[in-house]
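1. give me the fold of what follows.
(2 chains)
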Amino acid sequence: MDQTEARRRAAAAADEEAGIIRPLVDRAKEGDADAFGALYDRFQPEILRYLLVRTRDREVAEDLAQQVFLKAWRAVPRYQHRGAPFRAWLYRMAHNQMVDHFRTSRPTTDLEGIDLPEDPEAEARVLAAETNEALQDALGRLSDDHRQVLELRFLMEKSAREIGEIMGRKEVTIRGLQMRALQALRREIESTGGLP
Amino acid sequence: MTNAQDLASIVDSCVEDVLLDRVSVADCLNAYPEYRRELEPLLLAAVELSELPVPEVQPDPARRAAFMAEIRQTPQDAPRFSGFGLPSLSSLLGAFSIGTPVLRFASVAAPAAVIAVIALALVWGGGASTASAATLTVFSGKVEAQIDGGWQPLEDGASIDEGVVIRTGNASFAMVTFPDGSTATVDASTQLMFERITVNGDRQISLRQDTGRIWNDVVPITGGDSYVIHTPHAVVQAQGTVFETVVNGNTEVVTAEGLVRLDLLQTSQSTVDRTVEVAAGQIVRASAEGFTTPEAAPNAGAIEVTGPVAAYLTSPEGAATGQLLSGVVFRQIPGITTSGARVGDGMTIQTIVVGDAQHGEYSLVLRRYAKGPAAVTVDTPGSSLQIEVPEAVTIARLPIEVGAATDGQVALRSLSSELESVGEAPTVRVVETDRTRRAEDLAPIRQEPTALAANTDTPPPTPAPTQSPTAAATAWRPEHTPTVPPTASPDAWSDQLRAALASRSDSQLRSVLRDTVAGDDATKAVRITQLAAALVDPATAERVRQEIGDDLADQILEDAARLAPGVTGLLRNGLDDARSGDNGGRGNDRGNDRDNDRGDDRGGRDDGGGRDSSPGGPGRNDDRSSDNGGNRESGSTSRPGETASPTATTTPTATSTTPAGGGSSSRDDWRGGIPRWLQGLLDALTGGRSGLGGQPAIVVTPTPTPTPTPTATPRVTPTPTATAQVTPTPKPSPTATATASPRVNTTPTPTPAVAIAESTAPAPTPPPSATSMPAPTSVATPVATAPPAPSPTPRDDRYNLNDLIEDLLDWWRRQR
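-> Residues are numbered from 1 along each chain as shown, chains lettered A, B, ... in the order given. I've put the predicted structure just below:
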């Protein structure tokens, strides 16, 4: 198994965490708003994208992201450099925020908020949109764990290790979870007659 | 690995490759035809998922501005709660004022049990130690640190934080010990920066080497751990190994053990590989042009020591590579590595391998710890010299030369065909870390043969209680447990095992061995660790191997992998011998067997990864690992917060291998004593009448209140003298830990060098105050030369609840 890319990514992430993120977090812990602003700049787009993948509504995602970072600002003095990187910590907060959001509101299936890629071929675009919608629906019927691991892996392009940090589980557990999630997704797709 | 785990790994691997366009789905299916049916639908689903459009988002300046305005008005939470202020047991007892034994028992047992549960819950919650400073040992010459743009000298024992740049002068030689126990020996004219020194759940150590030579002995890397050296030409990443990096126009990497990966930083050749792995015995050079082909590294020869002898090689500068009687293994001399003692052919074998070491004369020091045949063999390409170690010799020396052979290659040779008996062993400087503590915990007790012989036929005495602070302070780890309550506790099993081994009743032993995997996980973990200790002791290993069946051995190994991964290497080594019946192999795996050390280092890691990093999670700010400042010589297990005596620093008295619990029979000579926390807990539960250790095993020794410490620069701090100790005392409470590593914002000041011989007592009879092995009756013998701890006077509190938590966490972390 070629793990070179994964190792390189992990090493790069670790270097970034050590060299850039950690000093900023330390300053933010001391109440330095500018340092936290730099963290916001670094992670807000990524967290927003994660929220957007699930909510599929830009305004909602923007609001949730704002709440996540506001909570992070309040809580950062209690954050400890002890295992989970700051990025994973933010992801957890974002996920919790999202769960809270869906507890009080129904998820939207409005695709208009998403910037779909331009496609000159209208027919292909419609087909792609239908396929995407069917997939999104299938994803939406999965358990929260299954859905989260697939979204992080395939939409946010995180490695099993990074997902483990975000979900607070071991890497080997994530691999098993990923397999079961794919199996569940396959079943959901087949239960509706397959993708268009 | 089960099929499900196999498939999960294959799915993940294929997904990774397919997503990165390295292979197609068809390629993956062809690569795993046996899983094609299961794999195909999963990979197709994965591909479909990966093609879902993911919206791109752009920063919104207006939202950012609003956010920044809001946080400037929003107060932050208070920092995390990070400690307990629990009362001691004695104060609790005082508060209860209960006199009858039963009530007294209940009054102690209840809170102790509650605390134990809390502590375990915290451990399960992922509490991890944090340490981020390395300790400098200066062997010779000078070491300087870059502070405020200038270079200032560093003293021996200085503490080095992240971000510090150091350099060594000409003819200088130093060593850096990281909190996890990894070491980097720094040769002359070397400059390096400590980019990251963090030992969390995941260890992250990162250096930037600009020039010179570093010899790295890295505690095995697992999970998210990393040990990385950035050079001008490459990123050198260890996989838990021993290797050398030399930066001099290019980057040369020589791997002595394990595997090292190099990633080229830049190259003018677009076609060259950018990554190469350097296996043990190989050398690779990296430059802007690319890598050289891995080739065989120089090999000067090897020294194999068989029998009950611990050996180490010392360099002219004072560095050493080998093993102490205490079980601690160290690899400080560039180009020279060693295995820990391993069991084979009914005896222990230790192998010291000499590669591309500095030419010169070295000393091989041999320390006998038991009677029995022993020999040293000096193997060099083309010749071999074997010298027997006479039983009468307890400490011996053999001069060894590393130089150029007639063919120009580096070669090893003995400068004498006879051992020189010496009365005093040269000092070895080892900084105490979790690594050394684990090694000592697992190593058998080793003592001078005279003491051993004296103990052989003498039943272990019941240690007399003592109120002597000094004597009590030596009793931090009881070696003998005379009696235990008839409970199912692991210590009871420990005694049963000892009794069974002593009884020669095979059925009894088999019965006790079966119970190794009985009980809950915590119990099993303790028993498995103790079994491992029995398996590394020549006096007990053979019988254990004979009576343990294949099925039980498999079960123990399986449980060990889960519960006590640190000892699986030891267990596998011993148990596999039993099952294969192959006790040969003496020297067959020279240089690659480091079970006694490397495998043990795997404990203590927090696999929980930061599970509790989120705010509001279990709060525990365990900073114990950062307290390893004291340079220790000849294996004295100095503990943070222990007391030091300036006069004692040159007196060969107390050492950690002294079993203050009193004498023990030779059959009891394995360090299979119950964990300190458990002993303390039992003492607490029984109101101190369990008899474990026979004397106050855990005595709270208050240390002075730590001075509030600034966190600002400079980040190089001298190691406080309080950490250079000779008298083992109980582990400090969190308060004491803080005392051990003050951040003193001052120019480094000289730290008294500690010169503690592991055992310099001349044979045959150690004096009562000596050190390596007291006579059986010297249970309460005070360590005369070690003065009492500084004020305040130690209290006989027996066991403090804080200590209980600390010990429980420490023990459990090691098991994990």
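
2. outline the domain layout of chain A.
-> Listed domain ranges for chain A are A:15-109, A:120-196 (source: automatic domain parsing).

3. what's the answer for chain B, then?
-> What automatic domain parsing lists as the domains of chain B is B:1-76, B:133-296, B:301-426, B:444-815.

4. confirm B:Gln58 sits in a strand?
-> No. B:Gln58 is assigned coil when assessed by DSSP: H, G, I helix; E, B strand; the rest coil, not a strand.

5. if I read this right, it contacts A:Leu48, doesn't it?
-> No. Using CB atoms under 8 Å, B:Gln58 is not in contact with A:Leu48, being 9.5 Å away. (C-beta placed from N, C-alpha, C; glycine too.)

6. the two: who's more crowded?
-> Shown here are B:Gln58 and A:Leu48; by other CB atoms under 10 Å in any protein chain shown, A:Leu48 has more neighbours (25 against 8).

7. average pLDDT across the helix or strand harbouring that one?
-> If you go by DSSP states H and E, A:Leu48 is part of helix A:33-55. For helix A:33-55, the mean pLDDT works out to 90.

8. center of chain A, which residue is that?
-> A:Tyr50 (3.7 Å; CA atoms, centre = their mean).

9. residue 36: what's its closest spatial neighbour, skipping adjacent residues?
-> Assuming you mean chain A. Spatially, and ignoring its direct neighbours in sequence, A:Phe36 is nearest to A:Ala28 (4.1 Å; CB to CB, 6 or more residues apart in numbering or on different chains).

10. that answer is for a different chain, and I need it for chain B
-> B:Leu29 (5.0 Å).

11. mind checking which helix or strand that neighbour is in?
-> Using DSSP H and E, the element containing B:Leu29 is helix B:25-31.

12. contacts for the next helix-or-strand element following that helix, please.
-> Using DSSP H and E, the helix or strand that follows helix B:25-31 in sequence is helix B:36-50. Contacts to helix B:36-50, defined as CB atoms under 8 Å, 6 or more residues apart in numbering or on different chains, come from residues A:131, A:135, A:139, A:150, A:154-155, A:179, A:182-183, A:185-186, A:189, A:195, B:7, B:10-11, B:14-15, B:18-19, B:25, B:28-29, B:32.

13. lowest confidence element among the helices and strands of chain A?
-> Among the helical and strand segments of chain A, the one scoring lowest on mean pLDDT, DSSP states H and E is helix A:4-16, with a mean of 71.

14. and the residue of the stretch 251-400 of chain B that's closest to chain A?
-> In the stretch 251-400 of chain B, the residue that lies nearest chain A is B:Thr275 (6.0 Å; CB to the nearest CB).

15. do you know how far that residue is from B:Asp506?
-> Look at B:Thr275 and B:Asp506: by CB to CB, to the nearest Å, they are 54 Å apart.

16. residue contacts, the closest residue to B:Ser9 other than its chain neighbours?
-> Once flanking residues are discounted, B:Ser9 sits nearest to A:Arg175: 5.9 Å by CB to CB, 6+ apart. When contacts are counted by CB under 8 Å, 6+ apart, A:Arg175 touches A:160, B:5, B:8-9, B:11-12.

17. in JSON lines: these, plus neighbour count, secondary structure and pLDDT.
-> Converted to JSON lines, the contacts of A:Arg175 look like this (neighbours: other CB atoms under 10 Å in any protein chain shown; DSSP: H, G, I helix; E, B strand; the rest coil; pLDDT from 0 to 100):
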{"residue": "A:Ala160", "neighbour count": "26", "secondary structure": "helix", "pLDDT": "88"}
{"residue": "B:Gln5", "neighbour count": "13", "secondary structure": "helix", "pLDDT": "64"}
{"residue": "B:Ala8", "neighbour count": "23", "secondary structure": "helix", "pLDDT": "87"}
{"residue": "B:Ser9", "neighbour count": "17", "secondary structure": "helix", "pLDDT": "87"}
{"residue": "B:Val11", "neighbour count": "25", "secondary structure": "helix", "pLDDT": "89"}
{"residue": "B:Asp12", "neighbour count": "23", "secondary structure": "helix", "pLDDT": "88"}
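
18. tell me the one of the residues you listed nearest B:Ser140?
-> A:Ala160 (47.2 Å; CB to CB).

19. the closest one reaches A:Lys170, doesn't it?
-> No. Applying CB under 8 Å, one finds A:Ala160 not in contact with A:Lys170, separated by 9.5 Å.

20. what's the burial count for the residue nearest to A:Phe36?
-> By the measure other CB under 10 Å, the count of residues near A:Ala28 is 25.

21. can I assume A:Leu135 sits in a helix?
-> Yes. Assessed with three-state DSSP, A:Leu135 lies in a helix.

22. on that earlier part again, how near is the residue of the stretch 251-400 of chain B closest to chain A to B:Gly290?
-> Going from B:Thr275 to B:Gly290 by CB to CB gives 11 Å.

23. can you list the buried residues in stretch B:367-386?
-> Applying a neighbour-count criterion of 16 or more other CB atoms under 10 Å in any protein chain shown, one finds B:367-372, B:374, B:376-380 buried in stretch B:367-386.

24. how about those, which pair is most distant?
-> Using CB to CB, the two most remote members of the buried residues of stretch B:367-386 are B:Lys371 and B:Thr380, lying 29.7 Å apart.

25. okay, now the unreliable bits of chain A?
-> Across chain A, the ranges flagged by pLDDT under 70 are A:1-7, A:82-83, A:104-126, A:196.

26. now the helices for it?
-> Using DSSP state H, the helices found in chain A span residues A:4-16, A:22-29, A:33-55, A:58-75, A:86-104, A:122-140, A:144-150, A:160-167, A:171-191.

27. let's have these in TSV, adding distance to B:Leu259.
-> Listed next are those as TSV, based on distance: least, CB to CB, whole Å:
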stretch	distance to B:Leu259
helix A:4-16	12
helix A:22-29	28
helix A:33-55	33
helix A:58-75	39
helix A:86-104	28
helix A:122-140	40
helix A:144-150	30
helix A:160-167	19
helix A:171-191	20
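
28. quick one: closest of the ones you listed to B:Thr222.
-> Nearest of those to B:Thr222, taken as CB to CB: helix A:171-191 at 11.1 Å.

29. okay, the angle between that closest one and helix B:36-50?
-> Between helix A:171-191 and helix B:36-50, the angle formed by their directions is 90 degrees, by axes from the mean of the first three to the mean of the last three CA atoms, to 10 degrees.
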